[in-house]
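Engineer: Provide a 3D model corresponding to the input given below.
(chains A, B, C and D)
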Number of protein chains: 2
Amino acid sequence: MKTVFHPDIDDIAAADVFAALADPIRLGILVALADVPEVDKARCNSFSELASASLLSYHFAKLREAGITRSRVEGTSRYLSIRREDLDRRFPGLLDSVLETARRDPNLPRLSGPLTVS
Amino acid sequence: MKTVFHPDIDDIAAADVFAALADPIRLGILVALADVPEVDKARCNSFSELASASLLSYHFAKLREAGITRSRVEGTSRYLSIRREDLDRRFPGLLDSVLETARRDPNLPRLSGPLTVS
DNA sequence: CCGGAATTTCAATGATCGTTGAACTTATGT
DNA sequence: ACATAAGTTCAACGATCATTGAAATTCCGG
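Structural biologist: Numbers count the residues shown, from 1 in each chain, chains lettered A, B, ... in the order given. Predicted coordinates:
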């Protein structure tokens, strides 16, 4: 039963968050994640349109290490979600305006359909 | 009468803005700038507590090229300001929540006094 | 015209970044 | 037990980054 490291949200500096957001693929992952109605149900594989498996894995790690996402291991799959409560407490209002900003960017990579869930 | 290049705000991608924000010194510059009551009056030199002149020049360029700041040349001095209207139109709400986020970060480099102005 | 001030530019350094493809790990289904 | 699927890890690459210090630029005041 492998477990994954998630940093304490209070150890995250503002600049770390922005660094994690400074990539179109990661912003694409983030908006796709935000649009999933059921929390904690987005399989990594669902993002395969955005990049190769190994590159996705790299970007997932960046988001996770910046305290932005959570990764739950279940069998051979991993399920991603946004650490919404933590982010809202530590950086109130930031996540929403980042999502709004990202959604507005016409050049962000986007998933063709809704995320396959569960 | 030297003039300085400022990108069209519509040519700026979300990821570019976040990249420019991904550095503590630049965030420090930004909050200091935001706290100046009179717009367009902050001389570059006023930030000398934050870094060496040459490093500041580098960071100023990053902010300017990301569409975040404006630089007005007057004699041997340059005066910086935030492109607030442009940013608010292109990325509504983002600047304010970025400033709020940055101000909340206890580890950001800060100016000891208010900016010398005019 | 000369000296100094404000700022940028340049070259160099080491660190980190995004990307690729191949190898590895771990769990699942038969 | 074996093949397969889902992810991660690793080594390599060129690109960009932050930082330094020295040199160049541009203007201003005497």
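Engineer: packing partners of the lowest-mean-pLDDT helix or strand in chain A?
Structural biologist: Least confident helix or strand of chain A, by mean pLDDT, DSSP states H and E, is strand A:42-43 with a mean of 92. In terms of contact count using 3 or more C-beta pairs under 8 Å, 6 or more residues apart in numbering or on different chains; DSSP states H and E, strand A:42-43 is assigned the packing partners strand A:77-82. Placement of C-beta: from N, CA and C, glycine included.
Engineer: quick one: buried residues of the strand it packs on?
Structural biologist: A:78-82 (16 or more other C-beta atoms under 10 Å in any protein chain shown).
Engineer: among the residues you listed, which ones lie close to DNA strand D?
Structural biologist: When those are checked against DNA strand D using C-beta under 7 Å from any atom of the strand, the ones in range are residue A:78.
Engineer: need the buried residues of strand A:77-82 in CSV (columns: distance to residue A:2 and pLDDT).
Structural biologist: As requested, the buried residues of strand A:77-82 are exported to CSV (distance: C-beta to C-beta, whole Å; pLDDT from 0 to 100):
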residue, distance to residue A:2, pLDDT
A:78, 10, 96
A:79, 13, 96
A:80, 15, 96
A:81, 18, 96
A:82, 22, 97
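Engineer: OK, contacts around the spatially closest residue to residue A:80 that is not a sequence neighbour?
Structural biologist: Residue nearest to residue A:80 in three dimensions, not counting chain neighbours: residue A:42, with 4.8 Å by C-beta to C-beta, 6 or more residues apart in numbering or on different chains. Under the criterion of C-beta atoms under 8 Å, 6 or more residues apart in numbering or on different chains, the neighbours of residue A:42 are A:32-33, A:36, A:79-81, A:115, A:117.
Engineer: report the two of these separated the most.
Structural biologist: A:32 and A:79 (13.5 Å; C-beta to C-beta).
Engineer: just the helices in chain A please.
Structural biologist: Along chain A, counting by DSSP state H, helices occupy A:14-21, A:24-34, A:53-65, A:84-90, A:94-104.
Engineer: which residues of chain A lie near DNA strand C?
Structural biologist: Within reach of DNA strand C by C-beta under 7 Å from any atom of the strand, chain A has these residues: A:1-2, A:19, A:22-23, A:25, A:51-52, A:54-55, A:58-59, A:62, A:75-76.
Engineer: out of these, who's near chain B?
Structural biologist: With C-beta under 8 Å from any C-beta of the partner chain as the criterion, the residues of chain A next to DNA strand C include A:19, A:22-23 near chain B.
Engineer: could you give the number of residues near residue A:107?
Structural biologist: The number of residues packed near residue A:107 is 9, by other C-beta atoms under 10 Å in any protein chain shown.
Engineer: brain fart, residue A:30
Structural biologist: Applying other C-beta under 10 Å, we find 23 other residues in the vicinity of residue A:30.
Engineer: what does the model give the closest residue to it other than its chain neighbours for pLDDT?
Structural biologist: Spatially, and ignoring its direct neighbours in sequence, residue A:30 is nearest to residue A:102 (6.4 Å; C-beta to C-beta, 6+ apart). Predicted confidence (pLDDT) for residue A:102: 98.
Engineer: these two touch, right, residue A:102 and residue B:18?
Structural biologist: No - with contact defined as C-beta atoms under 8 Å, residue A:102 does not reach residue B:18; the gap is 9.2 Å.
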